[in-house]
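Asker: Make a model of this:
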Amino acid sequence: MVQTPPLKIGLIGYGLFGQHYARSIDASSLTSLAAVAAQSAASRDAARRAHPDTDIYSDWRRITEREDIELVAVVVPNHLHFEMGFAVLQANKHLLMEKPLSLQVDQCDQLVALAHASQKILAVGHELRLSPLWGRVKALIDAGEIGQPRHVLIELARFPYRPGSTGWRHDQQRVGNWILEEPIHFFDLARWYLSSAGEPVSVFAQANSAGDAALDMSDHFSAIVTFADGSYAVVSQTLSSFGHHQSAKISGSQGTIQATWGAADARSDESVYDLRYGLGNRICEVPLTGHPGELRELADEIESVVHSIQNQTPVFCDGEDGRWSVRLCQAARESIASGLPVHLQALPDREPVRPVST
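Answerer: Below is the predicted model of the structure:
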């Protein structure tokens, strides 16, 4: 049997999370870290030390010019996602975009259309779908363990956001808003868990802070997303806490699933987690295969995208999913500003993208 050679990946961005991407790519037998592009000299020096066999560039466009690179992962501040993502797809390469897909829905539309036209994979980094914990919740829903799901509650309490390289996460022009940081993951999970309910039809959100923080950088955020069949999801986050503690409760016609995960940090390998479901006195505890956590899920995400490229199968989270996540964040932001619910227009239907043979 002929062994498939490792797929060559180019990485744009070498901040804290970009470094995790690089290590995951290096550690997999399916992939080869062919090139890294980083803005600062310090980041480039760090990349050379950590990955001496990898080409390191100051100009990210060098990666799009490489004929041997098949997949490009973009892990940079949010405001750069559209420009870089568009260039990657235009160069006829597969794209793994760290969330959000872009800052605006119309930009997401362009990326989805370009991926479809070029028949290239466009994957969005909603890695919680691949988690042994949060992904298992979806498997229990699909298996009918709680009947028809009708209500989702996803909550996160954590320490304040780190500023990020050069402070980009605390700069509204570069981050967009903080709803696009972690609540976007929870919007994606809610839509995924309630996929049988149709698409979202409205969003109502509120936010505030202890101090005089700008609207786009609120410490406390909550949103209600209503779906086509009347099911709804509540997403809530506070940044005035300690550690990283996430929970999800999905209730249906025949019971509730409860999942919890907590640690000092989302990337910690010393976490406490639990998954169970039931109704009344009937409670089932669910053992997990593998240890859930952000870095485990990142490694699985990269390998999942590679499998989709090599086997020409749909990706775990595509551009359409990423586009919906941005739309929900945008609607939540509009609702906070107006104090009113935002009613969503249906996004145009698009065909799933299957990559051509490479």
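
Asker: ok, the residue nearest the centre of the chain to Gly164 distance?
Answerer: Per CA atoms, centre = their mean, the C-alpha nearest to the average position across the chain is that of His126, at 2.3 Å. In this structure, His126 and Gly164 are 19 Å apart, going by CB to CB, to the nearest Å. All C-beta spots, glycine's among them, are computed from the backbone N, C-alpha and C.

Asker: just checking, the residue nearest to the centre of the chain touches Phe187?
Answerer: No - if you go by CB atoms under 8 Å, His126 and Phe187 don't touch, sitting 9.4 Å apart.

Asker: which residues are in contact with both of those two?
Answerer: Counting by CB atoms under 8 Å, 6 or more residues apart in numbering, the residues touching both His126 and Phe187 are Ser325.

Asker: Helices of the chain, residue ranges please.
Answerer: Counting by DSSP state H, the segments of the chain that form helices are 16-27, 41-50, 61-65, 81-90, 105-118, 134-142, 172-175, 183-193, 294-311, 319-338.

Asker: Can you say which of the ones you listed is nearest to Arg276?
Answerer: Of all those, the one in closest proximity to Arg276, counting by CB to CB, is helix 134-142 (9.9 Å).

Asker: low-scoring stretches of this structure, by residue?
Answerer: Residue ranges of the chain with pLDDT under 70: 1-2, 212-213, 346-358.

Asker: how's it carved up into domains?
Answerer: The chain breaks down into these domains under automatic domain parsing: 7-126+298-317, 128-292+326-343.

Asker: Go through the ones you listed and pick out the most buried.
Answerer: Relative to the other members of those, domain 7-126+298-317 carries the highest mean neighbour count by mean count of other CB atoms under 10 Å, namely a mean of 20.

Asker: picking that back up, with respect to Ala157, which of the helices of the chain lies nearest?
Answerer: Comparing the helices of the chain against Ala157 with CB to CB, the closest turns out to be helix 183-193 (12.6 Å).

Asker: Show me what the closest one is packed against.
Answerer: When contacts are defined as 3 or more CB pairs under 8 Å, 6 or more residues apart in numbering; DSSP states H and E, helix 183-193 packs onto helix 134-142, strand 149-158, strand 220-227, strand 232-238, strand 244-252, helix 319-338.

Asker: Now do the second one: distance to the chain's middle.
Answerer: Looking back up the chat, that one is strand 149-158. Its chain's average C-alpha position is 16 Å from that of strand 149-158, according to CA atoms, centre = their mean, to the nearest Å.

Asker: tell me the angle of that strand relative to strand 244-252?
Answerer: Put simply, strand 149-158 runs at 170 degrees to strand 244-252, going by axes from the mean of the first three to the mean of the last three CA atoms, to 10 degrees.

Asker: Direction included, what does strand 149-158 pair against?
Answerer: Looking at strand 149-158 with DSSP bridges, its paired strands and their directions are strand 232-238 (parallel), strand 244-252 (antiparallel).

Asker: how about it as PDB, C-alpha atoms only?
Answerer: The C-alpha trace of strand 149-158 is given here as PDB (Å, rounded to 0.1, in the frame of the first residue of the first chain):
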ATOM      1  CA  PRO A 149     -34.200  19.400  21.300                       C
ATOM      2  CA  ARG A 150     -36.000  22.600  22.100                       C
ATOM      3  CA  HIS A 151     -33.700  24.700  24.300                       C
ATOM      4  CA  VAL A 152     -30.000  25.200  24.500                       C
ATOM      5  CA  LEU A 153     -28.100  27.100  27.300                       C
ATOM      6  CA  ILE A 154     -24.400  27.700  26.800                       C
ATOM      7  CA  GLU A 155     -22.500  29.700  29.400                       C
ATOM      8  CA  LEU A 156     -18.900  30.700  29.900                       C
ATOM      9  CA  ALA A 157     -17.200  32.400  33.000                       C
ATOM     10  CA  ARG A 158     -13.600  33.200  32.500                       C
END
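
Asker: tilt between it and helix 134-142?
Answerer: Strand 149-158 and helix 134-142 meet at an angle of 170 degrees, taking the same axes, to 10 degrees as the criterion.
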